[in-house]
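Enquirer: Quick one: sequence plus predicted model below, questions after.
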Amino acid sequence: MANLRDIKTRIDSVKNTRQITNAMKMISAAYLRKAQQRIIAARPYANYIDTMLRTLKVKNDQSQHPLLIEPEEGGKTLMVVVTADRGLCGSFNTSIIREAIRLLEDGGEDEDIICIGKRCYDHLKKRTDKIIAHYTGLFNEMNFSQSREIAELLLDLYLNKGYNRVRVLFNDFKSAIQQNIVFKQVLPIIPLESEIVAGIDYLYEPDEDTIITELGKKYLDVEVWRILLESSAAEQGARMTAMENATDNATEMIGELTLHYNRARQASITTEIIEVASGAEAINQ
């Protein structure tokens, strides 16, 4: 009977775990819907700014504005690594950290790091002394003012600290079961190529450099915000999938344990019946 009690205790434990993982899956699904809505809301503004920057870029091929000029090869670079603050989301964090380590090994000594997310900071601080700033707790509230603070820091470092380029490593959201690792340059700005601006003439007020500076700041604000939203959505999608798999595994384990419990219980009852029958037969003799 002790064996039966152990099996019953384990079944109850797995049921409690399944209840927790199922609740986490539902919470992640709710956060994922909210993150998707924010991404959709941010796209029109970002697209218009990008169109204006493309226009200025096409009309100003010889521009020496630091936000648009193509950097020379080599030089000091800055890498921003974006992970989650928490785990239980499959390979979401480990894949980014692994890629960051590979890029650091390839990038040499002139690669500084900014960590966004507790997971990457806790891991990378043990492997390198190139971390110049880190942010945690951003994904709890997802406040635009916090992303703007990061964007202002990146712009200041790029313009005043001699960095040749600034790139961001993050998970791009595709679906709840697919997240793609992206290593994207955000400074200097590389507007998407387009033909819609060809042949159009514009008058600028004030001058083009001032407009590029202001648009560049807004572009960077929105781009950092979009990256954080993409990473947040990817995290919730990965966690929802991981918790769904954990719930399914728990359900399967409960079925196997229940079958084992029933077999053990049947064997115990059969043994008791045989003992009673043997005892009765012995008395009759």
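Expert: Yes, it's here.
Enquirer: what helices or strands is whatever helix or strand Asn180 lives in leaning on?
Expert: Element membership for Asn180, per DSSP states H and E: strand 178-187. Contacts defined by 3 or more C-beta pairs under 8 Å, 6 or more residues apart in numbering; DSSP states H and E place strand 178-187 against helix 92-107, helix 144-160, strand 165-175, helix 208-284. (C-beta placed from N, C-alpha, C; glycine too.)
Enquirer: okay if I get those as a markdown table plus distance to Arg43, mean pLDDT and mean neighbour count?
Expert: Shown next, in a markdown table, are those (distance: least, C-beta to C-beta, whole Å; pLDDT from 0 to 100; neighbours: other C-beta atoms under 10 Å):
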| stretch | distance to Arg43 | mean pLDDT | mean neighbour count |
| --- | --- | --- | --- |
| helix 92-107 | 23 | 90 | 17 |
| helix 144-160 | 15 | 92 | 17 |
| strand 165-175 | 13 | 91 | 20 |
| helix 208-284 | 8 | 88 | 17 |
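Enquirer: wait, which of those is closest to Ile49?
Expert: helix 208-284 (4.9 Å; C-beta to C-beta).
Enquirer: angle of that closest one against helix 92-107?
Expert: 130 degrees (axes from the mean of the first three to the mean of the last three C-alpha atoms, to 10 degrees).
Enquirer: starting at the chain centroid, how far to helix 208-284?
Expert: 19 Å (C-alpha atoms, centre = their mean, to the nearest Å).
Enquirer: follow-up on the earlier one: can you tell me the strand partners of the strand holding Asn180 and which way each runs?
Expert: strand 165-175 (antiparallel) (DSSP bridges).
Enquirer: Run the angle between the strand it pairs with and helix 144-160 for me.
Expert: 150 degrees.
Enquirer: residues making contact with strand 165-175?
Expert: 35-36, 39, 71, 75, 77-82, 92, 95-96, 99-100, 103, 154, 157-158, 179-188, 224, 227, 230-231, 233-235, 237-238 (C-beta atoms under 8 Å, 6 or more residues apart in numbering).
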